[in-house]
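1. Could you look at this predicted model? Sequence included:
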Amino acid sequence: MENLMDIMMLNYLQEFITNIHREMDTFYLGNIVNRIEKFIGQLSRTYLNMNKSRLKSQLTEKDALDSLNTVHYCLLNFAIMIAPFAPFMADHIYLKLEPSSTGSVHLKRLPINIWNNYDQKLVGQDGINLIEKIIEARGEIRSAVLKSAKKPVLKQTIYLENAGLVGFLKNIRETLEKECNIEELVISKDYRLFVKKGVQINQANIGRKFKKDAKAVIQRVKDLGDDVAKILEIVGEEDITVVDVLDDARIGEGFYSQFYAGDGLLIVSDLTWNAELEKKYQIRRICRTIMNARKEMGLVPTDTAILGYKNTFGGDGGGGIIEENLEAFKAQIDMEIVGDWGEYAVASGKYEFLYEDEGVNYKFCIFRRA
């Protein structure tokens, strides 16, 4: 196994199995449902979301097989592990994954060690949690700022406090750029350039401890700012909480920042919009429309079809976004594309539709290929 995303998911599977065994050994079963729900969420939201290109065979055949095998292996072991707690669901998943099996999942021994590289814990739970935060941040930008899932981000910088995770993200940077629709992604360890230590005062504690002198003590603590060492000469550790505080002034205007203090994570995005990004946005929108049309025709990814198009502004001759970016469209939709579909006009099973948006107008027709 070479792909870091696969290693991360298998490490997380091993941690899931180890934690389930620990809960059962101590008869502490209260957390098991939460662990099951979290595993399903992490597999779907994080691994599947970040490996769509590999799972769709848009990269190499080996990549596709490795990612599919990882999903199959995770689901198979997941089904076996949840069998004591969700017997019917576990059996259903197991028999779907192993249709040739004549036995039930309940005849399988619970796995213990399924991944020899489990010592690479850094890209297990920590890696999964980090990627989930990055996906959440991208979703926030889409809904709150860009108002569209298809609009690309010009540049995004991820600042991390954990230097080990910096190396991990750099190794999967290209995957993050592609799956999160980011033109340029920078991974940096300069977290402390923008985030300083701050002190929160527990006034109730200080009031009980210092009584009538509490007000003066609180003011002295405030005057010391974030000098934790000197503050602890006046009050105890239980009287304050050291927290990370974002210095907004350092980020500057024109950037969108997302700060996760508890995770040591700061994401700063340059959302500048230009003509090149607009073109890529339109290409993605048109491709999504075409793929939705294929689904409405009942075509599956392995079915071959021909896409005919006519620019309703300039005919089929040129000047439009498809004509100028034909190779990009072919790469994304994996179909034969023709500007003049006269020879296919009498074909059966054709599907016609229009695309009109912000000055981009096309008439499309999809033909089934025998």
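-> Here it is on my side, so go on. The shown structure was predicted, so the numbers you read here are calculated from the model rather than taken from an experiment. Numbers count the residues shown, from 1 in each chain.
2. okay, CA-based contacts and neighbour counts for the rest of this
-> OK.
3. Would you map the strands across the stretch 251-370 of the chain?
-> Under the criterion DSSP state E, counting those that start in this stretch, strands of the stretch 251-370 of the chain are mapped to 255-260, 265-270, 305-311, 336-338, 351-357, 360-368.
4. what's the closest of these to Ile114?
-> strand 265-270 (31.2 Å; CA to CA).
5. which outside residues touch that closest one?
-> Contact with strand 265-270 is made by 137, 153-161, 191, 251, 254-260, as judged by CA atoms under 8 Å, 6 or more residues apart in numbering.
6. Could I have the ChimeraX command that selects the buried members from those?
-> In ChimeraX syntax, the buried subset of the contacts of strand 265-270 is picked out as below (16 or more other CA atoms under 10 Å):
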select :137,153,154,155,156,157,158,159,160,161,191,257,258,259
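7. So, low pLDDT: which residues of the stretch 51-200 of the chain?
-> Scanning the stretch 51-200 of the chain for pLDDT under 70 picks out 117-124.
8. Could you rerun that using 90?
-> 51-64, 99-103, 113-152, 161-181, 196-200 (pLDDT under 90).
9. Check the stretch 201-350 of the chain too.
-> 201-215, 217-254, 260-264, 271, 275-350.
10. 80 - rerun?
-> Residues of the stretch 201-350 of the chain that meet the criterion pLDDT under 80 lie in 226, 262, 301-302, 312-320, 331-332, 334, 340-349.
11. what sits against Val33?
-> If a contact means CA under 8 Å, 6+ apart, then Val33 has no contacts.
12. redo that, cut-off 10 Å
-> By CA atoms under 10 Å, 6 or more residues apart in numbering, the contact set of Val33 is Ile20, Phe39, Ile82, Phe85, Ala86.
13. repeat for Gln42
-> Applying CA under 10 Å, 6+ apart to Gln42 gives the contacts Met9, Tyr12, Leu48, Asn49, Gln125, Ile128, Asn129, Ile131, Glu132.
14. Tell me the secondary structure at the residue lying farthest from the centre of the chain.
-> Distance from the centre of the chain peaks at Lys212, with 52.8 Å (CA atoms, centre = their mean). Under the three-state scheme (DSSP: H, G, I helix; E, B strand; the rest coil), Lys212 adopts helix.
15. mind listing the strands in the stretch 51-200 of the chain by residue range?
-> 153-160, 182-188, 195-201.
16. how does this structure divide up, domain by domain?
-> According to automatic domain parsing, the chain comprises the domains 4-122, 128-193+249-273, 195-246, 276-368.
17. Endpoints of the last one, how far apart?
-> Meaning domain 276-368. 33 Å (CA to CA, to the nearest Å).
18. next one: it to chain centre, how far?
-> 28 Å (CA atoms, centre = their mean, to the nearest Å).
19. for the longest one, same thing?
-> In terms of CA atoms, centre = their mean, the centre of domain 4-122 is found 18 Å from the chain centre.
20. Check the second one too.
-> Distance, stretch centre to chain centre, for domain 128-193+249-273: 11 Å (CA atoms, centre = their mean).
21. So that it lines up with my notes, have the first residue be 747 from now on.
-> Okay, using 747 as the starting number, the last item reads as domain 874-939+995-1019.
22. May I see the buried residues of stretch 872-885?
-> Gly873, Ile874, Leu876, Ile877, Glu878, Lys879, Ile880, Ile881, Ala883, Arg884, Gly885.
23. what do you get for stretch 798-815?
-> Lys798, Ser799, Arg800, Leu801, Asp809, Ala810, Asp812, Ser813, Leu814.
24. Enumerate the beta-bridge partners assigned to Asp1016.
-> Beta-bridge pairing for Asp1016 (DSSP bridges): Lys901, Phe1001.
25. what about it, distance to Asn862?
-> With distances taken as CA to CA, Asp1016 is found 41 Å from Asn862.
26. Check Phe1110 too.
-> Phe1110 is 51 Å from Asn862, where distance means CA to CA.
27. Next: Leu900.
-> Using CA to CA, Leu900 is found at 40 Å from Asn862.
28. Dump the buried residues of stretch 872-885 to a markdown table, plus distance to Asn1057.
-> Conversion of the buried residues of stretch 872-885 to a markdown table gives the following (distance: CA to CA, whole Å):
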| residue | distance to Asn1057 |
| --- | --- |
| Gly873 | 46 |
| Ile874 | 44 |
| Leu876 | 44 |
| Ile877 | 40 |
| Glu878 | 41 |
| Lys879 | 41 |
| Ile880 | 38 |
| Ile881 | 36 |
| Ala883 | 37 |
| Arg884 | 33 |
| Gly885 | 33 |
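29. tell me which of those residues is nearest to Glu925?
-> Ile881 (9.5 Å).
30. tally of neighbours for the closest residue to Ile918 other than its chain neighbours?
-> The shortest distance from Ile918 to any non-neighbouring residue, by CA to CA, 6 or more residues apart in numbering, is to Leu750 (7.1 Å). Number of residues near Leu750 (other CA atoms under 10 Å) recorded here: 15.
31. Tell me who's in contact with Leu750.
-> Leu756, Val869, Gly873, Phe914, Leu915, Asn917, Ile918.
32. Take those residues and keep only those in helices.
-> Judged by DSSP state H, the contacts of Leu750 include Leu756, Gly873, Phe914, Leu915, Asn917 as members of helices.
33. Hmm, Tyr819 and the first one touching each other?
-> The reference is to Leu756. Yes: using CA atoms under 10 Å, Leu756 is in contact with Tyr819, at 8.6 Å.
34. Just give me the neighbour total for the closest residue to Gly1000 other than its chain neighbours.
-> Of all residues not flanking Gly1000 in the chain, Asp1016 sits nearest, at 7.1 Å (CA to CA, 6+ apart). Asp1016: 16 surrounding residues under other CA under 10 Å.
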